[in-house]
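Colleague: Here's a sequence, model it:
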Amino acid sequence: MNTVIPLPYLTVFRVRGPDAATFLHGQMAADLENLDEGDATFSAYCSPRGQVIAMLLIQRTGNDWLLAGHSELMEPVIERLRRFVLRADVQFEAETGSLAGVPKPGKARGTVTPGGTGLHYVFGNNSAAAPETAVSDWRWRELEQGVSWLGPASSERFIPQMIGLDRIGAVSFSKGCFPGQEVIARARYLGKVKRGPVLVAFRGLSDLAVGDDVSLTADDQSADGVVVELVRRADDAVLVVVVSSLDESAPVRRIEHRGENAQADRIQRLD
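Modeller: Have a look, this model is predicted:
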């Protein structure tokens, strides 16, 4: 039985060079400067408007850094980072290995557990394919723990607090400047974040996709929202993260999409 689950929806890059640490610390929303050797953190990579371009997992390894993110976003993310290197001595290399989930951390060396999520990962040569059921089960666990890997349909649409990235250590409000820092800090300290992540489980709505608009109905209120992340299991069970203004304590009873609806349950983030 495999001790790790290779995650095919994520791609890994290595960042190296004498200026790599300083450069990445200035570009990422998380505090990389105080990251110990071998440790890892989630980080939002944001636009100047404070919108999350990508959610990354970053590990410090010697003088190098490993960055993992959504496979469809990593190439444009790396190209964007290259544009800001200027005279810094920084190089980017695609890794042949992948990021893997570790269901039993005692069985794999070099595991990291970022963001207080209780999820264990390992960077390395994890090339063997995992069964689709194992991958979807892992993604389900990630959503339960507040880990949403943004893809093309959800990139540059939300500030970190709207999708809960501040809750898993992907944003530091004390590290100083990074792209979008003023917008993100202003939203935090002025209380202007009126929408947040709602985790909803249901069956059906086969056409539902990331980026789609939906409506959520609770006992005494309803609110529109946007699907940020979605995982569908073989048994047709679906778990979605929806950015919505629905009250945090409101129990979701129904989700509607393009005139079709399904009975739903709100899932509380696991701590």
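
Colleague: Point out where the stretch 51-200 of the chain drops to low pLDDT.
Modeller: The stretch 51-200 of the chain contains residues with pLDDT under 70 at 107, 127.

Colleague: And the strands in it?
Modeller: For the stretch 51-200 of the chain, the strands defined by DSSP state E, counting those that start in this stretch cover 52-61, 64-70, 91-94, 98-101, 121-124, 196-203.

Colleague: Can you tell me which of the ones you listed is nearest to residue 140?
Modeller: strand 196-203 (9.1 Å; CB to CB). Bear in mind the C-beta positions are built from the backbone N, C-alpha and C, glycine included.

Colleague: quick one: contacts of the helix or strand following that closest one?
Modeller: Next in sequence after strand 196-203, counting helices and strands by DSSP states H and E, comes strand 213-218. Outside strand 213-218, the residues within contact range by CB atoms under 8 Å, 6 or more residues apart in numbering are 198, 200, 208, 222-227, 240, 242, 244, 246-247, 250-257, 264, 266.

Colleague: Quick one: buried ones out of those?
Modeller: Among these, the ones that count as buried by 16 or more other CB atoms under 10 Å are 198, 200, 208, 223, 225-227, 240, 242, 244, 246, 250, 252, 255-257, 264, 266.

Colleague: Quick check: can you list the domain ranges of this structure?
Modeller: Domain ranges of the chain: 5-161, 196-266, per automatic domain parsing.

Colleague: Count the neighbours of residue 136 for me.
Modeller: 17 (other CB atoms under 10 Å).

Colleague: wait, isn't it in contact with residue 232?
Modeller: Yes: the criterion here is CB atoms under 8 Å, and residue 136 meets it with residue 232 at 7.1 Å.

Colleague: Show the contacting residues for the residue nearest to residue 139 when sequence neighbours are not counted.
Modeller: Distances taken as CB to CB, 6 or more residues apart in numbering place residue 231 nearest to residue 139, at 4.2 Å, with adjacent residues excluded. For residue 231, the contact set (CB under 8 Å, 6+ apart) comprises 136, 139, 140, 143, 238, 239, 240.

Colleague: Just give the number of residues close to the fifth one.
Modeller: To tie it back to what came earlier, the one meant is residue 238. 21.

Colleague: neighbours of residue 147, just the number please.
Modeller: 23.

Colleague: Distance of it relative to residue 201?
Modeller: From residue 147 across to residue 201, the span is 16 Å (CB to CB, to the nearest Å).

Colleague: Please identify the buried residues of the lengthiest helix in the chain?
Modeller: When the chain is parsed with DSSP state H, its longest helix is helix 132-144. Across helix 132-144, burial judged by 16+ other CB under 10 Å covers 134, 135, 136, 137, 138, 139, 140, 141, 142, 143, 144.

Colleague: and which of those is nearest residue 30?
Modeller: Nearest to residue 30 among the buried residues of helix 132-144 is residue 142, at 17.4 Å by CB to CB.

Colleague: Provide a list of residues in contact with that closest one.
Modeller: 119, 148, 149.

Colleague: what about burial for those, which qualify?
Modeller: Buried, going by 16+ other CB under 10 Å: 119, 148, 149, out of the contacts of residue 142.

Colleague: Quick check, the last one in contact with residue 9.
Modeller: Translated: residue 149. Yes: taking contact to mean CB under 8 Å, the distance of 6.7 Å between residue 149 and residue 9 places them in contact.
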